[in-house]
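> Show me the folded form of this:
(chains A, B, C and D)
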Number of protein chains: 2
Amino acid sequence: MRASDLPQVRALRLFSSMEEKHFDALMEVSYLQTFPPQLDLIAEGDLADFLYIVVEGSVELYARSNGRESAMGLVRPVGTFILAAVLKDAVYLMSARTAQRSKILLIPSQNIRQAFQQDAEFARAIVLELASCYRGVVKEYKDLKLRTAVERLANRLLRYHNDQGASGTLELPHDKRTLASVLGMTPENLSRAFNTLKPYGVEVDGSTITLADLKSMETLAKPNPLIDDRST
Amino acid sequence: MRASDLPQVRALRLFSSMEEKHFDALMEVSYLQTFPPQLDLIAEGDLADFLYIVVEGSVELYARSNGRESAMGLVRPVGTFILAAVLKDAVYLMSARTAQRSKILLIPSQNIRQAFQQDAEFARAIVLELASCYRGVVKEYKDLKLRTAVERLANRLLRYHNDQGASGTLELPHDKRTLASVLGMTPENLSRAFNTLKPYGVEVDGSTITLADLKSMETLAKPNPLIDDRST
DNA sequence: TTGCGGGGTTGATCTATGTCAAGGAATCCA
DNA sequence: TGGATTCCTTGACATAGATCAACCCCGCAA
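Here you go, the predicted structure:
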């Protein structure tokens, strides 16, 4: 790993409060690599050899069972994935592939567990990160169980809109096929859901979405902080 | 908290490796209480004042949004709930009510966080517990996203059957209304799903289920350890 | 320019699941 | 003992969403 990459990594919330010597030891054995798009990084069922941290780009988590496949989430900078498997020294529950060209930090899981034992501040950061991931999945699960497809789309659009500055327009951060899978529906159904939202001021132009009537969107979507807020 | 209850609690995986003095301090401020059935313990949105540990009985986690309500999971002895909210000092994402008369340990969340800092072994146990909960939700999420209602029921029956000794019969650990909600369907649909499984050797007598043809059940259900195994 | 391919859309149709209404069986209780 | 209640089941119907097929649009390569 190159010295010029270090400060970038050190700034991550996960490492910022870690002791210098422990951080150095961890970086000594880690890799910061750039991967092309659509490259499979891990497969569900594999043993967790590394903790992955997305530094640039984005990664799609997905899972398969029977013949079906579904996207389980998108990880954008700066986020970790499969932290739980690493800590438990267990197999991955999800597969992961790059969605775009991505810079990713790989830390051997054994060293993560070791650092957890040696550095109380790091342990604290790990637990907060893990708890955040946990709550993220609970929210996704609630979203899927308590809402219809159109409601899920509407709330997702409102969320992206907020994340991107609430300017009235937003960019979908992935292609519609992936978005459909993340939302738990087929691409055809996503198209129809966009049509359903047209009367609520949603205009679609490729991956650019305009929200012309936020009031009525919110009436329809009924956003709920206990599902949609990523910060809490 | 009564002295006679202590050994029972001390034996929990979460506390077994904790230093004596830290454990004593924690118990000093905790409550072991017995609650009647159907009692609301916490409501989503409330600040996490306590960590809850189910010692006896069982607790249903559920969530609401819009007018809908859905069971998010069942906690049986010995299991914790809302650990993530406690560690993050955030609000609960789920509500909880007792399903039966239940003995529950309440530990002030502030003291949990304190003990986490002071006792490295406890921190380790906390992280493993949190990681297990996390993976549990991911599995539920995969179950819901990748399977039909009938498949979810079939796999759930196989799981209970295994948990209960694989004797050919099993007892549903909750009423069918709750089971339906846990599986993400209506009670009516659960009835029909049981009928669909009849040709596969599933006989229903109240809450006692007989699996007369495991082979064909497994062909239908296609159980997947990355969804159905609770241990990994 | 043409041909091709990927992603997206649309329409027709099918299927799974939800909803509503009714009824049955067990349980509780006065 | 006889409601009343709760839980479950069943049937008829409605709806959301999936599936299949066609097509469109646009970029791109030959």
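> Tell me the helix or strand right after the longest helix along chain A.
Longest helix of chain A, by residue count under DSSP state H: helix A:120-146. Following helix A:120-146 in sequence order, the next helix or strand is helix A:149-163 (DSSP states H and E).
> Would you mind pulling the contact partners of that next one?
Residues outside helix A:149-163 that contact it (Cβ atoms under 8 Å, 6 or more residues apart in numbering or on different chains) are A:143-144, A:147, A:168-173, A:179, A:182-185, A:189-190, A:193-194, A:196-197, A:200, A:202, A:209, A:211, A:217-218, A:220-223, A:227-228, A:230, B:66. Yep, even glycine has a C-beta here, placed from its N, CA and C like the rest.
> Residues contacting the helix or strand that that helix is followed by, please?
Heading C-terminal from helix A:149-163, the first helix or strand you meet, by DSSP H and E, is strand A:169-171. Identification of contacts with strand A:169-171 by Cβ under 8 Å, 6+ apart yields A:157, A:160-161, A:164, A:207-211.
> ok, is strand A:169-171 in contact with DNA strand C or not?
No: Strand A:169-171 lies apart from DNA strand C when judged by Cβ under 7 Å from any atom of the strand; the minimum separation is 12.3 Å.
> quick one, strands of chain A?
A:31-35, A:40-42, A:50-56, A:59-65, A:68-75, A:79-81, A:95-98, A:102-108, A:169-171, A:202-205, A:208-211 (DSSP state E).
> among the ones you listed, which is nearest residue B:62?
Nearest to residue B:62, of all the strands of chain A, is strand A:68-75, at 22.6 Å by Cβ to Cβ.
> wait, does the closest one make contact with DNA strand D?
No: using Cβ under 7 Å from any atom of the strand, strand A:68-75 stays clear of DNA strand D, with a minimum separation of 7.8 Å.
> wait, what's in contact with the closest residue to residue A:93 other than its chain neighbours?
Excluding the flanking residues, the one nearest residue A:93 by Cβ to Cβ, 6 or more residues apart in numbering or on different chains is residue B:138, at 5.1 Å. Applying Cβ under 8 Å, 6+ apart to residue B:138 gives the contacts A:72, A:84, A:93-94, A:137.
> And residue A:38, by the same measure?
Residue A:38 touches A:97-99, counting by Cβ under 8 Å, 6+ apart.
> Go again with 7 Å.
The contact partners of residue A:38, by Cβ atoms under 7 Å, 6 or more residues apart in numbering or on different chains, come to A:97-98.
> any idea how far it is from residue B:123?
With distances taken as Cβ to Cβ, to the nearest Å, residue A:38 is found 39 Å from residue B:123.
> Same question for residue A:43.
For residue A:43, the distance to residue B:123 - Cβ to Cβ - is 31 Å.
> Quickly list what the residue most central in space within chain A is bridged to.
Most central in chain A under Cα atoms, centre = their mean is residue A:75, positioned 2.5 Å from the mean C-alpha point. With DSSP bridges as the criterion, residue A:75 is bridged to residue A:59.
> Tell me if I'm right that it and residue A:55 touch.
No: if you go by Cβ atoms under 7 Å, residue A:75 and residue A:55 don't touch, sitting 10.9 Å apart.
> can you name the two of the contacts of residue B:138 that are farthest apart?
Maximum distance among the contacts of residue B:138 (Cβ to Cβ): 13.1 Å, for A:72 and A:84.
> mind listing what residue A:109 touches?
A:48-51, A:86, A:89.
> just the residues you listed now: which is nearest chain B?
Proximity of the contacts of residue A:109 to chain B (Cβ to the nearest Cβ) peaks at residue A:86, which lies at 8.7 Å.
> Measure how buried the closest one is and give me the count.
Residue A:86 is flanked by 27 other residues according to other Cβ atoms under 10 Å in any protein chain shown.
> so it touches residue A:47, yeah?
No: Residue A:86 is beyond contact range of residue A:47, at 10.1 Å (criterion: Cβ under 7 Å).
> How is chain A partitioned into domains?
For chain A, automatic domain parsing gives the domain ranges A:3-138, A:147-228.
> which of those domains sits most buried?
Counting by mean count of other Cβ atoms under 10 Å in any protein chain shown, domain A:3-138 has the highest mean neighbour count of the domains of chain A, with a mean of 18.
> Now the phi/psi pair for residue A:175, please.
The phi and psi torsions at residue A:175 (degrees, to the nearest 10) take the values phi -70, psi 160.
> ok, so what distance separates it from residue A:183?
From residue A:175 to residue A:183 the distance is 13 Å (Cβ to Cβ).
> coming back round to it: among the contacts of residue A:109, which one sits closest to DNA strand C?
The shortest approach to DNA strand C among the contacts of residue A:109 belongs to residue A:50, at 28.1 Å (Cβ to the nearest atom of the strand).
> For beta bridges, what are the partners of the closest one?
residue A:108.
> what's the closest non-adjacent residue to residue A:73?
According to Cβ to Cβ, 6+ apart, the nearest residue to residue A:73 is residue A:61 (4.6 Å).
> cool, and residue A:83?
residue A:130 (5.4 Å).
> With residue A:68 instead?
residue B:146 (5.0 Å).
> Show the model's pLDDT score for the one you found.
pLDDT recorded at residue B:146 is 98.
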